[in-house]
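Engineer: the amino acid sequence is not available; the structure is as follows:
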């Protein structure tokens, strides 16, 4: 499957950039996320590079038979409506249970235009004590891959400045839906 996925990407003119770092656990940002094509291109890249991956999805999506397919694709159900345990806490619990776990998150939380990223990915990484890996899809350059690891995540401000610098030259499928400098509070 790895060879086939890479061939498909190359047939359509995509260049695979970077390799996944040699780490067992991480939170991986997947951005920009402005199109349903992001999932297909991202999945092909992950298959081509044999990257073990998971994502969180609201539990309501796990009905038969869709739930079976989602689990095969690495989706994990979470209860977003649970007032007793937050999604961050649910994710951290999963990290504690597993020896290897790379959680892919689209911090924008939507394919539509947003004014600010959701910060849950940072809090999950911080509480689980795992690094933040930066992945991307650049439609203008037709590149998909891994850009690196956030070096300083001691505070959300330091991490977001680094994340913003990494993503500043990345081109979304729908650029109007991916604004720069959305990573820090404007207040």
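Structural biologist: Structure's in. What do you need? Remember, predicted model here, so these are calculated numbers, not experimental data.
Engineer: C-alpha only now, for contacts and for neighbours.
Structural biologist: OK.
Engineer: ranges for the helices of this structure?
Structural biologist: Assigned by DSSP state H, the helices in the chain fall at 2-11, 37-48, 66-72, 87-97, 120-128, 156-167.
Engineer: isn't residue 146 up against residue 17?
Structural biologist: Yes - between residue 146 and residue 17 there is a contact under CA atoms under 8 Å: 6.2 Å.
Engineer: end-to-end on stretch 135-154?
Structural biologist: This stretch, stretch 135-154, spans 20 Å end to end (CA to CA, to the nearest Å).
Engineer: what's the average pLDDT for that stretch?
Structural biologist: For stretch 135-154, mean pLDDT is 90.
Engineer: how far away from the center of its chain is it?
Structural biologist: Relative to its chain's centre, stretch 135-154 lies at 10 Å (CA atoms, centre = their mean, to the nearest Å).
Engineer: what comes up buried for it?
Structural biologist: Residues 135-139, 142-150, 152-153 are the ones in stretch 135-154 that count as buried (16 or more other CA atoms under 10 Å).
Engineer: so which of those is the closest to residue 166?
Structural biologist: Sorting the buried residues of stretch 135-154 by how near they are to residue 166, with CA to CA, puts residue 147 at the top with 7.3 Å.
Engineer: residue contacts, the closest one?
Structural biologist: Counting by CA atoms under 8 Å, 6 or more residues apart in numbering, residue 147 touches 17, 18, 133, 134, 135, 136, 166.
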